[in-house]
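Got a sequence here, can you model it:
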Amino acid sequence: MFKRKSKDDLALLPVSSEDIERVRERCRGIVRKRAAFSAGVSVIPLPGVDVVADLSSFAVMVEEINQAFGLSPDQIDRLQPRMRIAAYQAVAALGGTLVGKIVTKELVLKLLRKSGAKLAAKSAAKIVPLAGQIASAAIGFALFRQMGYQHVEACTRVAREVGNAA
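Numbering: from 1, shown residues only. Next comes the predicted model:
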């Protein structure tokens, strides 16, 4: 679970390729763990419960990943000016990502709505007993993992860009 530390305890931005890759792999592990949790919640036969749990879990996961890469809003603000500019430029070039942003449930919901067809299939699958719950769990796992991996890759690209500017 993500626990905010004092500003003095914030992680540094990884700049070497090895450090970036190490953080990337650790974050992919976080994504897999949270996706498995999402799949477990999807088995609960009440439509909507999984979506609420996914919103909270995804928001926390994104903050955790941003923190690990040194790309939380606080961390970016503490970078040297040249690196801070590189971080903002890299984030802007990626478009609508959650890198370097304060993550809210509303922001995550907007992102999830872009994956609306899969989300609707996940909810509709719950209507069919047992097989539907298993299908819902599989869809939930795949969707959560895909979106999590996309965020990890976005953070990786930004970290590399900032590393090149260092």
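
these two touch, right, residue 34 and residue 61?
Yes: using CB atoms under 8 Å, residue 34 is in contact with residue 61, at 4.8 Å. C-beta: built from backbone N, CA, C; applies to glycine.

When those two are compared, which one has more neighbours?
Legend: neighbour count by other CB atoms under 10 Å for residue 34 and residue 61, higher for residue 61 (29 against 22).

What separation do you get for that one and residue 80?
Distance, residue 61 to residue 80, using CB to CB, to the nearest Å: 28 Å.

Equivalent analysis for residue 64, please.
Counting by CB to CB, the gap from residue 64 to residue 80 is 24 Å.

cool, and residue 20?
Distance, residue 20 to residue 80, using CB to CB: 18 Å.

Repeat that for residue 149.
Using CB to CB, residue 149 is found at 30 Å from residue 80.

So which of those two has more stuff around it?
Each of residue 149 and residue 80 has its neighbours counted (other CB under 10 Å); residue 149 has more, 16 against 12.

correct me, but that one touches residue 28?
Yes: with contact defined as CB under 8 Å, residue 149 reaches residue 28; the gap is 6.5 Å.

Any idea how many residues pack against the residue nearest to residue 69 when sequence neighbours are not counted?
Excluding its sequence neighbours, the residue lying closest to residue 69 (CB to CB, 6 or more residues apart in numbering) is residue 155, at 4.2 Å. By the criterion of other CB under 10 Å, residue 155 has 29 neighbours.

again, but for the one 5 residues further on
For residue 160, the count of nearby residues is 15 (other CB under 10 Å).

how about the nearest residue to it, chain neighbours excluded?
Per CB to CB, 6+ apart, closest to residue 160 is residue 20, 6.2 Å.

Surely that neighbour and residue 14 touch.
Yes: if you go by CB under 8 Å, residue 20 and residue 14 touch, sitting 4.8 Å apart.

Output the below-cut-off pLDDT ranges for this structure.
Scanning the chain for pLDDT under 70 picks out the ranges 1-11, 45-51, 96, 102-133, 166.

Cool, thanks, signing off.
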